[in-house]
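Undergrad: have a look at this prediction, sequence included:
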Amino acid sequence: MVRASDVLLILVAILFPPAAAAFVTGCSCDLLINILLTILGYLPGHIHAFWLIYKKMQAEERYGHGAFHYIGNGTYEPLYDPQVAVPQAPNYGTTGAYGR
């Protein structure tokens, strides 16, 4: 789903692609790549910025808004580990989970 912030980010990418890359990735290698692509040609900088925005939108759909961390190269990882089980309360005075 496209959010209003994503539309604003796309408008920024149309005007100045390195600014959009900076908003998405922060000060990272992808920002330097986008600056170089924009210097080499304005269209490659746009394509790279739109790709970064697309990958961010995919991460928002997969992990939820704000539940992911950018690790570089257009990849994101969740802030939580879904494999970790939530600790359960102890069974005070019972012999099992079903309390025979």
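TA: Done, it's in.
Undergrad: contacts and neighbour counts: CA atoms only from here.
TA: Noted.
Undergrad: hey, where'd the strands end up in this structure?
TA: Under the criterion DSSP state E, the chain carries strands at the ranges 68-72, 75-78.
Undergrad: tell me which residues touch G74, please.
TA: Each residue near G74 by CA atoms under 8 Å, 6 or more residues apart in numbering is listed here: L52, K55, K56.
Undergrad: mind doing that once more with 7 Å?
TA: L52, K55 (CA atoms under 7 Å, 6 or more residues apart in numbering).
Undergrad: same deal with L31?
TA: Counting by CA under 7 Å, 6+ apart, L31 has contacts P18, A21, A22, T25.
Undergrad: the last one and H65, how far apart?
TA: This means T25. 15 Å (CA to CA, to the nearest Å).
Undergrad: which of these two has more neighbours?
TA: Between T25 and H65, counting by other CA atoms under 10 Å, T25 is the more crowded of the two (20 against 11).
Undergrad: that one: what's it in contact with?
TA: Contacts of T25 (CA under 7 Å, 6+ apart): L31, Y70.
Undergrad: lowest-confidence entry in the contacts of L31?
TA: The member of the contacts of L31 with the lowest pLDDT is T25, and it reads 90.
Undergrad: of the contacts of L31, closest to I35?
TA: P18 (5.6 Å; CA to CA).
Undergrad: neighbours of the closest one, how many?
TA: 25.
Undergrad: related to what we said a few turns ago, adding distance to I47, mean pLDDT and mean neighbour count as columns, could you present the strands of the chain in JSON lines?
TA: Below are these laid out as JSON lines (distance: least, CA to CA, whole Å; pLDDT from 0 to 100; neighbours: other CA atoms under 10 Å):
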{"stretch": "strand 68-72", "distance to I47": "17", "mean pLDDT": "79", "mean neighbour count": "15"}
{"stretch": "strand 75-78", "distance to I47": "17", "mean pLDDT": "81", "mean neighbour count": "16"}
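Undergrad: which one is I39 nearest to, not counting chain neighbours?
TA: Among residues not flanking I39 along the chain, G45 sits closest, at 7.9 Å (CA to CA, 6 or more residues apart in numbering).
Undergrad: brilliant, that's me finished.
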